[in-house]
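> Pasting a predicted model and its sequence here:
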Amino acid sequence: MVLTIMCANMTVVLGGASSGKSDFSEKICFHSGLEKIYLASAQAFDEEMRTKAEQHRTNRGPDWCTIEEPFAADRVISEVREGQILLFDCATLWLTNHFLADHDLERETESLLSAIRQCPAQIVVVSNEVGLGIVPENALARRFRIAQGALNRRLAEEAGTVVGVMAGLPFVLKGALPEGLL
């Protein structure tokens, strides 16, 4: 039997691409009234991605501390303190970075979860639900889908709250959202 430690401080927000999960996650952070930190795992390799990242930063406004870290989310999370809320957007790109670098995904996942367990701050993790579509046609995409599903299950198992978002509408899968958020 495996003992799972529930991370009451962690909310996981799952959804498909462009489902509204990031917008809803930002709403959770604004609603908290806490000092907001945005942990971005995306890597901007082209002008389109740089423009998208800048637009997101502008939309969030000036009261966010943005940290861009494609690999060491655990290190950033371990530095967050009580009275803050960290939005990790997103676990899918973080996993992609490690997956393509051929890192040990189990070790990286355990390090991430360990940092979350020890963190005194509130944490909102955004992640893509990739298991609702068709089976990918190539082996690399199928391996990634399996890895993403495993990461999402681990995050959801340990989270105090799990929310799905579809067409911009949130639905609680586990736990409860703060009063007045929906």
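On my side now, so go ahead. Residues are numbered from 1 along each chain as shown.
> Which residues does the least confident helix or strand in the chain by mean pLDDT contact?
Here the helix or strand of the chain ranked lowest by mean pLDDT, DSSP states H and E is helix 47-60, holding a mean of 92. Applying C-beta atoms under 8 Å, 6 or more residues apart in numbering, the contact partners of helix 47-60 are 22, 26, 38, 40, 42, 43, 44, 64, 66. The C-beta positions use only the backbone N, C-alpha and C, and glycine is treated the same way.
> From the chain's centroid, how far away is that helix?
In terms of C-alpha atoms, centre = their mean, to the nearest Å, the gap separating the centre of helix 47-60 from the centre of its chain is 18 Å.
> What are the buried residues along that helix?
Using 16 or more other C-beta atoms under 10 Å as the test for burial, helix 47-60 gives 53, 56, 60.
> Output these in JSON lines; the columns should cover distance to residue 133.
Formatted as JSON lines, the buried residues of helix 47-60 follow (distance: C-beta to C-beta, whole Å):
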{"residue": "53", "distance to residue 133": "25"}
{"residue": "56", "distance to residue 133": "24"}
{"residue": "60", "distance to residue 133": "29"}
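> could you pull out the helices for this structure?
Assigned by DSSP state H, the helices in the chain fall at 21-32, 47-60, 73-78, 91-100, 105-118, 139-158.
> Mark which of the contacts of helix 47-60 are buried, thanks.
So, by 16+ other C-beta under 10 Å, the buried ones in these are 22, 26, 38, 40, 42, 64.
> hang on, the earlier thing: farthest-separated two in the contacts of helix 47-60?
Taking C-beta to C-beta as the measure, these span a maximum distance of 20.8 Å, between 26 and 43.
> How about the contacts made by the nearest residue to residue 31 once chain neighbours are set aside?
Closest residue to residue 31 apart from its sequence neighbours, by C-beta to C-beta, 6 or more residues apart in numbering: residue 181 at 5.2 Å. By C-beta under 8 Å, 6+ apart, the contact set of residue 181 is 27, 28, 31.
> next one: residue 63
When contacts are counted by C-beta under 8 Å, 6+ apart, residue 63 touches residue 36.
> Ramachandran coordinates for it?
Torsion angles at residue 63 (phi, psi; degrees, to the nearest 10) stand at phi -90, psi 30.
> all numbers from here: first residue = 20
In the new numbering, first residue 20, that becomes residue 82.
> if we can go back for a sec, tabulate the buried ones among the contacts of helix 66-79 (TSV), appending distance to residue 146.
Formatted as TSV, the buried ones among the contacts of helix 66-79 follow (distance: C-beta to C-beta, whole Å):
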residue	distance to residue 146
41	11
45	15
57	15
59	14
61	13
83	20
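> What score does residue 21 have for pLDDT?
At residue 21, the pLDDT value in this model is 51.
> for the one 4 residues further on, same thing?
Reading off the per-residue confidence, residue 25 sits at a pLDDT of 73.
> Out of the helices of the chain, which gets nearest to residue 104?
Within the helices of the chain, the stretch nearest residue 104 is helix 40-51; the backing value is 4.8 Å (C-beta to C-beta).
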